[in-house]
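Chemist: Test case, fold it:
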Amino acid sequence: MSLSQAQKKAFRSIGHHLNPVVTVSENGISEGVLAELGRALSDHELIKVKLALPERDDRAAILDELVTASGAELVQKIGKMALLYRRNPKANPKLSNVQRFEGHHGRH
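Modeler: Now for the predicted structure:
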């Protein structure tokens, strides 16, 4: 499901204005975190995840695990924030960040 560079660029501009909806702390990945991640991806398609871990290697390992477990694609990772995307063909247009901000792309 690899995203093109143009898609990633558009998603990054949308993601810039989003707040994180899932936070992973030093407790790691729990069933609750995975459930919330799945729900958020189904509802919003494009979400921001906060990795509240001090070590860069730990953040990378957790992020890999989240991407694999959720079936999402990593759009961007900056510091402790990651932008994930998973297409939902039946997404609610009022909830989907991709559909709500389509055409905005940061230019107002």
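Chemist: For residue 68, pull up the helix or strand it's in.
Modeler: Element membership for residue 68 (DSSP states H and E) is helix 56-70.
Chemist: Which neighbouring elements make contact with the helix or strand that that helix is followed by?
Modeler: Later in the chain than helix 56-70, the nearest helix or strand by DSSP H and E is strand 73-78. In terms of contacts (3 or more Cβ pairs under 8 Å, 6 or more residues apart in numbering; DSSP states H and E), strand 73-78 is packed against helix 5-15, helix 56-70, strand 81-85. Backbone N, C-alpha and C define where each C-beta goes, glycine included.
Chemist: How far away from the center of its chain is the following helix or strand past the first one?
Modeler: Per DSSP H and E, the first helix or strand lying C-terminal to helix 5-15 is strand 20-24. Averaging C-alpha coordinates over strand 20-24 and over its chain gives two centres that are 9 Å apart (Cα atoms, centre = their mean, to the nearest Å).
Chemist: buried residues in the helix holding residue 68?
Modeler: Neighbour-count burial for helix 56-70 flags 59, 62-63, 66-67, 70 (criterion: 16 or more other Cβ atoms under 10 Å).
Chemist: can the residues you listed go into JSON lines with extra columns for pLDDT and distance to residue 92?
Modeler: Below are the buried residues of helix 56-70 laid out as JSON lines (pLDDT from 0 to 100; distance: Cβ to Cβ, whole Å):
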{"residue": "59", "pLDDT": "95", "distance to residue 92": "31"}
{"residue": "62", "pLDDT": "95", "distance to residue 92": "28"}
{"residue": "63", "pLDDT": "96", "distance to residue 92": "26"}
{"residue": "66", "pLDDT": "96", "distance to residue 92": "23"}
{"residue": "67", "pLDDT": "96", "distance to residue 92": "23"}
{"residue": "70", "pLDDT": "96", "distance to residue 92": "19"}
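Chemist: Could you let me know which of the residues you listed ends up closest to residue 27?
Modeler: residue 62 (10.7 Å; Cβ to Cβ).
Chemist: Skip the chain neighbours and tell me the closest residue to the residue nearest the centre of the chain.
Modeler: In the chain, the C-alpha nearest the mean C-alpha coordinate belongs to residue 84, at 2.4 Å (Cα atoms, centre = their mean). Closest residue in space to residue 84, ignoring its immediate chain neighbours: residue 72 at 4.2 Å, by Cβ to Cβ, 6 or more residues apart in numbering.
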